[in-house]
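Asker: give me coordinates for this.
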Amino acid sequence: MAISNLAKQLLSLWIISLIYLPLGAQESFMVVEAHSGKIFAAQNSTVKRPVASLTKICTGVIATDWALATKQDLKKVMATVPDSVTRLGGANPLNLQPGQQISLSDALYAALLGSDNIAAMTVADHIGRDINNRRGKNDDPVWAFVKEMHELCRVLGMRNTRFLNPHGLELPKQQGFSTAADMAKLAIYAMRRPAFAFFVRQKSRTISVAGRSYVINNTNQLVGEQGILGIKTGQTAPAGPCLATSMDKDPVIRAKVDGTKGATPRRMVVVLLNSPDRFERTRSLLQTGWSQYDNWLDAGALVQDRNREILPVPKF
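Answerer: Numbers count the residues shown, from 1 in each chain. Prediction:
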């Protein structure tokens, strides 16, 4: 039966509505086992929407990868709070002021555990200046850092992501976006990086700023529960409550055909966007993911359509 032009138009509008949901629309999520890439649940996972402070996952990865590449000790490198932070507004729990110094390690704890935007800007400014110096450029240092974020997204195949700052606030002309699927790729890559993973699995950390000590508590209430090793919370009015979570279980030991035994590592990643009860919802999605994973593994871990069932995350 031929489809009328009106029906075709209505179908097109319906498809578009699925791809670009309004900011106040229902939640997006993806549940994926990190080692196999097997997707076990997804909803609106390719919808572009703001992700708030989940942006800081990318900031933390760039910072820790930079330290590894340049052989820098994050505890010893002191960063200066830039003047540009005065344009951020909002909370300043550490009372960071332009010109003050903070170690990159402490700034990352503040950004990744406490979701401190000024700390994230300070990290980006310092590393961006170093990038400029090494390349003989005179770009805005924060933008030099953000361009590294863009490059990581490109390499990871995050085609529906655009980060415009290192903190995730929606500012004039700085309204970034991503998707649950793209953020799952980033989360999987990030948790492969030991330095980054060390930061986000801390339940709390004491840091020092201008001679004063501050206890930074992890905003992710799930950290500390069995197997949960991070990753990051996020929340703004446009993005709604967001949460990226990584949970490990002991490897599965199975006999091989040749009689030897092999270990299958297990890590479930959940990215949840715009969910009013993000912590309880994530617990439920983790339970769903593990149940389906066990059934899949028992059935032989078969994959019929890699393009639909597997989330590709390059290894490098």
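Asker: please name every helix or strand in contact with the lengthiest helix in the chain.
Answerer: Counting residues, the longest helix found in the chain (DSSP state H) is helix 278-298. Counting contacts by 3 or more CB pairs under 8 Å, 6 or more residues apart in numbering; DSSP states H and E, helix 278-298 is packed against strand 28-33, strand 39-43, strand 240-255, strand 261-273. Heads up, the C-betas are built off the backbone N, CA and C, glycines and all.
Asker: now do it against strand 240-255, angle only.
Answerer: For helix 278-298 against strand 240-255, the angle by axes from the mean of the first three to the mean of the last three CA atoms, to 10 degrees is 30 degrees.
Asker: distance between helix 278-298 and the chain's centre?
Answerer: Offset of helix 278-298 from its chain centre (CA atoms, centre = their mean, to the nearest Å): 19 Å.
Asker: now do that helix, average pLDDT.
Answerer: Across helix 278-298, pLDDT averages out at 97.
Asker: and for stretch 90-97?
Answerer: Per-residue scores along stretch 90-97 average to 90.
Asker: now do that stretch: distance from first to last residue.
Answerer: Stretch 90-97 has an end-to-end distance of 13 Å (criterion: CA to CA, to the nearest Å).
Asker: ok and the longest helix of the chain relative to strand 39-43, angle-wise?
Answerer: 140 degrees.
Asker: in contact with residue 90, which residues?
Answerer: 117, 169 (CB atoms under 8 Å, 6 or more residues apart in numbering).
Asker: compute the distance between it and residue 260, please.
Answerer: For residue 90, the distance to residue 260 equals 56 Å [CB to CB, to the nearest Å].
Asker: again with residue 184
Answerer: From residue 184 to residue 260 the distance is 33 Å (CB to CB).
Asker: looking at the two, which one has more neighbours?
Answerer: Set residue 184 next to residue 260 and count neighbours by other CB atoms under 10 Å: residue 184 wins out with 27 against 7.
Asker: check for me that that one belongs to a strand.
Answerer: No. Residue 184 is assigned helix when assessed by DSSP: H, G, I helix; E, B strand; the rest coil, not a strand.
Asker: quick one on the thing from earlier: between the helices and strands packed on helix 278-298, which gets nearest to residue 125?
Answerer: Among those, the nearest to residue 125 by CB to CB is strand 240-255 (24.4 Å).
Asker: residue 176 against residue 160, yeah?
Answerer: No. Applying CB atoms under 8 Å, one finds residue 176 not in contact with residue 160, separated by 11.4 Å.
Asker: neighbour-wise, which of the two wins?
Answerer: A count of neighbours by other CB under 10 Å puts residue 176 above the other of residue 176 and residue 160, at 23 against 19.
Asker: contact partners for that one?
Answerer: Residue 176 neighbours (CB under 8 Å, 6+ apart): 50-51, 55, 161-165, 168, 170.
Asker: cutoff 10 Å now
Answerer: If you count contacts by CB atoms under 10 Å, 6 or more residues apart in numbering, residue 176 has them with 48, 50-52, 55, 58, 146, 149, 161-165, 167-170, 239.
Asker: of those residues, buried ones?
Answerer: 48, 50-52, 55, 58, 146, 149, 161, 163-165, 167-170, 239 (16 or more other CB atoms under 10 Å).
Asker: quick one: the helices in the chain?
Answerer: All helices of the chain, identified by DSSP H, fall at 5-19, 55-70, 104-112, 117-135, 141-156, 180-192, 194-200, 278-298, 306-309.
Asker: which one, of those helices, ends up nearest to residue 206?
Answerer: helix 104-112 (8.9 Å).
Asker: most centrally placed residue in the chain?
Answerer: Centre of the chain computed as the mean C-alpha position; nearest residue by CA atoms, centre = their mean is residue 57, 3.9 Å away.
Asker: pretty sure it sits against residue 200.
Answerer: Yes. Residue 57 is within contact range of residue 200, at 8.2 Å (criterion: CB atoms under 10 Å).
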